[in-house]
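Peer 1: sequence plus predicted model, see below.
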Amino acid sequence: MTRPCLLTCLAFALAAASPALAQNRTHEVKQGETLNGIANRAGISAEDLAKANGLKAPYALRIGQTLKIPGKTSAKKDDVKTDKAKSATADKAKAASLEQQPFPAEATEFRLIHIANGRAMIEDDAGLWVVQQGSVLPDSSVVRSIEKRNGQWVLVTSTDRIIEVSK
């Protein structure tokens, strides 16, 4: 499954879980969940969720822990919290250094093995794959077309790379 598709599926799953969180009034913590994430899906603040469950910073949750979900509180005009602006130096201190920032992985090399019936078989270090027009390739490009050029079948990518069948 490609990353955009996986992220879309995850977004739909989280959206579907939101009403359940608000209706059940309790929530069982699952692997990878955070206090902020649970609070956001329930439509409440993380502070309200922590307070309702007697949690103290750093708000460590355990898998399987049951949390009480308090009702939504509507803030009156006078109850709105304000805060002082943080200095630019504080933000710079929190910013990750260039070496710590994630960057796209190196493009994975692959080779074209065979073409038949409008589909192509490619091979990379993870195995064999069947692709067709529109499929995402291991180097993150997309199959633009599979066509015959000069009597040879080739695969053309969205980056205008032309890949011939390996011999």
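Peer 2: Looks like it came in fine.
Peer 1: beta partners for Ile122?
Peer 2: Leu112, Trp129 (DSSP bridges).
Peer 1: was I right to think it contacts Phe110?
Peer 2: Yes - judged on C-beta atoms under 8 Å, Ile122 makes contact with Phe110 at a distance of 4.8 Å. Quick note: C-beta positions are derived from backbone N, CA and C, even for glycine.
Peer 1: show me this protein divided up by domain.
Peer 2: For the chain, automatic domain parsing gives the domain ranges 3-72, 111-164.
Peer 1: which residues do Ile122 and Phe110 both contact?
Peer 2: Here Ile122 and Phe110 have Trp129, Leu137, Pro138 as joint contacts, going by C-beta atoms under 8 Å, 6 or more residues apart in numbering.
Peer 1: return the member of these nearest to Arg149.
Peer 2: The nearest member of the shared contacts of Ile122 and Phe110 to Arg149, counting by C-beta to C-beta, is Leu137 at 18.3 Å.
Peer 1: what about the closest one, neighbour count?
Peer 2: Residues lying near Leu137 (other C-beta atoms under 10 Å) number 22.
Peer 1: okay, it: pLDDT?
Peer 2: Note for Leu137: predicted pLDDT of 89.
Peer 1: who touches it in this structure?
Peer 2: Phe110, Ile122, Val131, Val143, Thr157.
Peer 1: can you name the helix or strand that Asn40 falls in?
Peer 2: Taking DSSP states H and E as the definition, Asn40 sits inside helix 35-42.
Peer 1: mean confidence for that helix?
Peer 2: For helix 35-42, the mean confidence score works out to 83.
Peer 1: and stretch 140-156, by the same measure?
Peer 2: On average, stretch 140-156 scores 92.
Peer 1: now do it: distance from first to last residue.
Peer 2: 13 Å (C-alpha to C-alpha, to the nearest Å).
Peer 1: point out where this structure drops to low pLDDT.
Peer 2: For the chain, the stretches with pLDDT under 70 are 1-24, 72-107.
Peer 1: strands of that one, start to end?
Peer 2: 26-28, 66-68, 111-116, 119-124, 127-131, 143-149, 152-157, 162-164 (DSSP state E).
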